[in-house]
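Trainee: Got a sequence here, can you build the structure:
(chains A and B)
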Amino acid sequence: ETGVTQSPTHLIKTRGQQVTLRCSSQSGHNTVSWYQQALGQGPQFIFQYYREEENGRGNFPPRFSGLQFPNYSSELNVNALELDDSALYLCASSIDPAPNYEQYFGPGTRLTVT
Amino acid sequence: AQRVTQPEKLLSVFKGAPVELKCNYSYSGSPELFWYVQYSRQRLQLLLRHISRESIKGFTADLNKGETSFHLKKPFAQEEDSAMYYCALSTFNRDDKIIFGKGTRLHILP
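Mentor: Down below sits the predicted model:
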């Protein structure tokens, strides 16, 4: 059984650029959630995908968008990067979107915007 | 609005002493509560959830709906318990699927 993987590990971008982060869910999981974790803070919910459809979205602007593919892997896209977007981006997969199911986290992608 | 509060950023406890990590939540519905842990250089992982009412690595957490708390406890701290601990509230709300507290760093002193 393969765990959740994320790529790339680290990324440096310039303000105004666009970035795509990738996540492969754990085998058998159909739900992927994305989180932003700023330094010294807990993870903050960005959005969730369930069977290729968005299934909830936190308080993030539309320049944060996502996709889920038929194999349940997922992408997070951020347009028009701002300095405040610098953070660790985590994805987590689960076997079901219901709240009582455990989330399995990836190692994260560290994004630095200069 | 839903909220999870962990009042302590850092908690230092001597090995063998009891540990209590505090978590208070604000939610009008029936809460699903979790404790996640992140050991050094490892990914975030589930420690325990309130519905299973189990003890993991000697830790327990009781949901107190009256006090809206879900404190994490262990009677005797071990050095390997040093880690970052996050309390999390999971909901059916589309906008607040899961809300994490800011975390408490537990440092076990030898």
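Trainee: low pLDDT regions in chain A?
Mentor: Within chain A, the stretches with pLDDT under 70 are A:1.
Trainee: Quick check: residues of it near chain B?
Mentor: Listed as neighbours of chain B in chain A under the rule CB under 8 Å from any CB of the partner chain: A:4, A:33, A:35, A:40-45, A:48, A:55-59, A:90, A:92, A:97-100, A:102-108. (C-beta placed from N, C-alpha, C; glycine too.)
Trainee: Drop anything exposed from the residues you listed.
Mentor: Neighbour counting over the residues of chain A next to chain B (16 or more other CB atoms under 10 Å in any protein chain shown) leaves A:4, A:33, A:35, A:42-45, A:48, A:55-58, A:90, A:92, A:97, A:99, A:102-108 as the buried ones.
Trainee: Next to chain A, which bits of chain B? Give me the list.
Mentor: Within chain B, the positions lying close to chain A (CB under 8 Å from any CB) are B:4, B:6, B:32, B:34, B:36, B:43-46, B:49, B:51, B:86, B:88, B:90-103.
Trainee: and those residues, which of them are in strands?
Mentor: With strands defined by DSSP state E, the entries of the residues of chain B next to chain A inside them are B:4, B:32, B:34, B:36, B:45-46, B:49, B:86, B:88, B:90, B:98-100.
Trainee: Buried subset of those as a ChimeraX selection?
Mentor: Buried members of those, identified by 16+ other CB under 10 Å, are gathered into one ChimeraX selection as follows:
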select /B:4,32,34,36,49,86,88,90,98,99,100
